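Peer 1: here is the input, now give the coordinates:
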Amino acid sequence: MKVVAFFGSPRIEGNTDILLQEALKPVQAGGHEVIEFRLNLLNIKPCQDCGGCTKTGVCVINDAMKDIYEAIRTADRFILASPIFFYTVSAQAKAMIDRCQAFWCEKYLLKKDIPAGPHGRKGLLLVAAGMNKDAAVQCADTVARIFFRTISVPEHVMVSALGADGKGDVLKNSAVLKEAYEAGKKLIS
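Peer 2: Down below sits the predicted model:
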């Protein structure tokens, strides 16, 4: 199976990165192919709402999204990992998601789904929030659900680390680390 991971945090080795690496452990141990996009390091221009994709389902902007589009088309499993900023995913993650408008046009205007392949398509959302309230992650889950459905991923699971504000705080929460590991394991089952 091919697993694509979108890392939406600007902070390397922070809480979101720790969650992602924990979820990837069983994936890598199982010998599955992993493609990781560290979105903060990529040149991804925001969607320009230019309408260029409405008739073809293909974005006209030529940047790092070209590789992401190809990975989305060919993968079986998807992980979106993001910190929570103002009750939703980071700007880095949101820019990538917004550029998937091309897939939205392909799916809903042109009536072409991305084929599921022999393993089907599943998603996992990993979020780390400084707040210790479930409301902090609900908007992000909604954004992720729309993103996943747009790229023909009919189901996803969310793992949230609440109260993880300082760098490495998630390491103090063994239950959420185990949950991320188990979610990664279930993703490939």
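Peer 1: can you tell me the helix or strand for the closest residue in space to residue 23 that isn't next to it in sequence?
Peer 2: Leaving out its chain neighbours, the residue that sits closest to residue 23 by Cβ to Cβ, 6 or more residues apart in numbering is residue 184, at 3.5 Å. Glycine gets a C-beta too; all of them are placed from N, C-alpha and C. Secondary structure from DSSP states H and E places residue 184 in helix 174-187.
Peer 1: then residue 4?
Peer 2: Here residue 4 is assigned to strand 2-7, by DSSP H and E.
Peer 1: same for that strand, what does it pack against?
Peer 2: Secondary-structure packing of strand 2-7 (3 or more Cβ pairs under 8 Å, 6 or more residues apart in numbering; DSSP states H and E): helix 15-29, strand 33-38, helix 65-74, strand 77-83.
Peer 1: pLDDT at the closest residue to residue 22 other than its chain neighbours, what is it?
Peer 2: Take residue 22 and drop its neighbours on the chain: the residue closest to it by Cβ to Cβ, 6+ apart is residue 180, 4.2 Å away. The model reports residue 180 with a pLDDT of 98.
Peer 1: equivalent analysis for residue 136, please.
Peer 2: For residue 136, the predicted pLDDT is 86.
Peer 1: wait, it touches residue 86, no?
Peer 2: No: the criterion here is Cβ atoms under 8 Å, and residue 136 misses it with residue 86 at 9.8 Å.
Peer 1: so how far is residue 50 from the most centrally placed residue in the chain?
Peer 2: With distances taken as Cα atoms, centre = their mean, the residue of the chain nearest its centroid is residue 80 (1.8 Å). Distance of residue 80 to residue 50, given as Cβ to Cβ, to the nearest Å: 25 Å.
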